[in-house]
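> my questions are about this predicted structure, shown below with the sequence.
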Amino acid sequence: MTLLTPPLPAAATAPAVAPRSVERTATPRRYLMCPPVHFDVVYAINPWMDVSVPVDAGLAVVQWQALKAAYEARGHTVDVIRPEPGLPDMVYAANGGIVVGGQALAARFTFPERQPEGAAYEAWLRTSGAQHGVVSLGQAVERNEGEGDLLWDGEVLLAGTGFRTTREAHAEVAARLDVDVVTLELVDPRFYHLDTALAVLTTASGDRRPEVAYFPGAFTSESLAVLRERYPDAIEATEDDAAVLGLNAVSDGRHVFLTQRATGMHAALRERGYEPVGIDLSELFKGGGSVKCCTLELRPAPGTEVAA
Ligand SMILES: NC(=[NH2+])NCCC[C@H](N)C(=O)O
């Protein structure tokens, strides 16, 4: 449970480019999602949000249901948290907390508009989460926006800072979840959460190395050096793909769920043996989020299966 800076040296055996013929294996996941029945853009806390652009709430729900169905069709389990009126961003479930090894730490939000979501997600993790073997550690003390800024690669927790989650929060998460944390600093306000700039495609397990995709322009040069060292074979996404939130993706190790608009990412993923699954979330995009933002992964304790 340390903060790793500078980075660990990359494994000497890591290939420069992942072999094209590699067999990608999906592992069943459990996700938490929140239907966007109260979704709207009534305040602007990131550059994507414009209160003068109307939102089609009905369409948002239909698109969200299609994402949920896409997960379920590929063998994943989706739990649903009850949306609360007056919390239009609650649909972005990734921000509600972080769950690693069956232990859950609920978020503490930056902006007052979203602060009540922390308690709502904590309550779900403590009660419903417990039915799936999740142990709630309560709500964070320091400002952290859950999986928006905290991405588990199977070995370390990649932790974003610069806009929302603080460095103090990285230390708190490292201590409370007992994981190693690698701090990454974000510099472009369009990519205000780490999950808008980086996606974990393969989670490390056994001798399988973690794989990621990221947009280099979102990071300080120091953080970019950390990424290049840790993940020499990463997909470096284009600005065009990043600008449609193409990095805001969910992967099960084989299927990668992401906006259908990120055409360059789709091609790069296919080339690496992944199966991109195009998702249209045009309405939730107006709030500054896409696929990953809507999805909180509930990772079970080691040795525990994801129960249906
Ligand atoms: N995981 C994410 N990046 N979530 C998107 C959150 C969007 C929300 N409107 C906010 O600015 O907080």
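Good, I have the coordinates.

> CA only for contacts and neighbour counts going forward, please
Fine.

> show me where the stretch 51-200 of the chain has strands.
77-80, 97-100, 103-106, 135-139, 150-152, 157-161, 181-185, 198-202 (DSSP state E, counting those that start in this stretch).

> dump the ones you listed to CSV, plus mean pLDDT, mean neighbour count and distance to residue 63.
Shown next, in CSV, are these (pLDDT from 0 to 100; neighbours: other CA atoms under 10 Å; distance: least, CA to CA, whole Å):
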stretch, mean pLDDT, mean neighbour count, distance to residue 63
strand 77-80, 98, 18, 15
strand 97-100, 98, 26, 23
strand 103-106, 98, 27, 26
strand 135-139, 97, 19, 30
strand 150-152, 98, 25, 24
strand 157-161, 98, 26, 28
strand 181-185, 98, 24, 31
strand 198-202, 98, 25, 21
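
> Serialize the ones you listed to a markdown table and add fields for distance to the ligand.
As requested, the strands of the stretch 51-200 of the chain are exported to a markdown table (distance: least, CA to the nearest ligand atom, whole Å):
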| stretch | distance to the ligand |
| --- | --- |
| strand 77-80 | 17 |
| strand 97-100 | 10 |
| strand 103-106 | 14 |
| strand 135-139 | 17 |
| strand 150-152 | 9 |
| strand 157-161 | 11 |
| strand 181-185 | 15 |
| strand 198-202 | 11 |
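
> surely residue 41 is within a helix?
No - per DSSP: H, G, I helix; E, B strand; the rest coil, residue 41 lies outside any helix segment and is coil.

> so who does it touch?
Contacts for residue 41 (CA atoms under 8 Å, 6 or more residues apart in numbering) come out as 49-51, 53-55, 88, 286-287.

> so for the closest residue to the ligand within the stretch 101-250 of the chain, what's the pLDDT?
Closest approach between the stretch 101-250 of the chain and the ligand, counting by CA to the nearest ligand atom: residue 148, at 3.7 Å. Reported pLDDT at residue 148 in the predicted model: 98.

> can you map out the helices along the stretch 51-200 of the chain?
Taking DSSP state H, counting those that start in this stretch as the test, the helices found in the stretch 51-200 of the chain are 57-73, 116-127, 167-177.

> just put the ones you listed in a markdown table and tack on mean pLDDT.
Below are these laid out as a markdown table (pLDDT from 0 to 100):
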| stretch | mean pLDDT |
| --- | --- |
| helix 57-73 | 98 |
| helix 116-127 | 98 |
| helix 167-177 | 98 |
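
> need these in TSV (columns: distance to residue 239).
Shown next, in TSV, are those (distance: least, CA to CA, whole Å):
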stretch	distance to residue 239
helix 57-73	24
helix 116-127	31
helix 167-177	26
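
> adding distance to residue 32 and mean neighbour count as columns, could you present these in CSV?
Output for the helices of the stretch 51-200 of the chain, formatted as CSV (distance: least, CA to CA, whole Å; neighbours: other CA atoms under 10 Å):
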stretch, distance to residue 32, mean neighbour count
helix 57-73, 10, 18
helix 116-127, 10, 20
helix 167-177, 19, 19
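
> out of those helices, which comes closest to residue 199?
Across the helices of the stretch 51-200 of the chain, residue 199 has its closest neighbour in helix 57-73 (16.8 Å, CA to CA).
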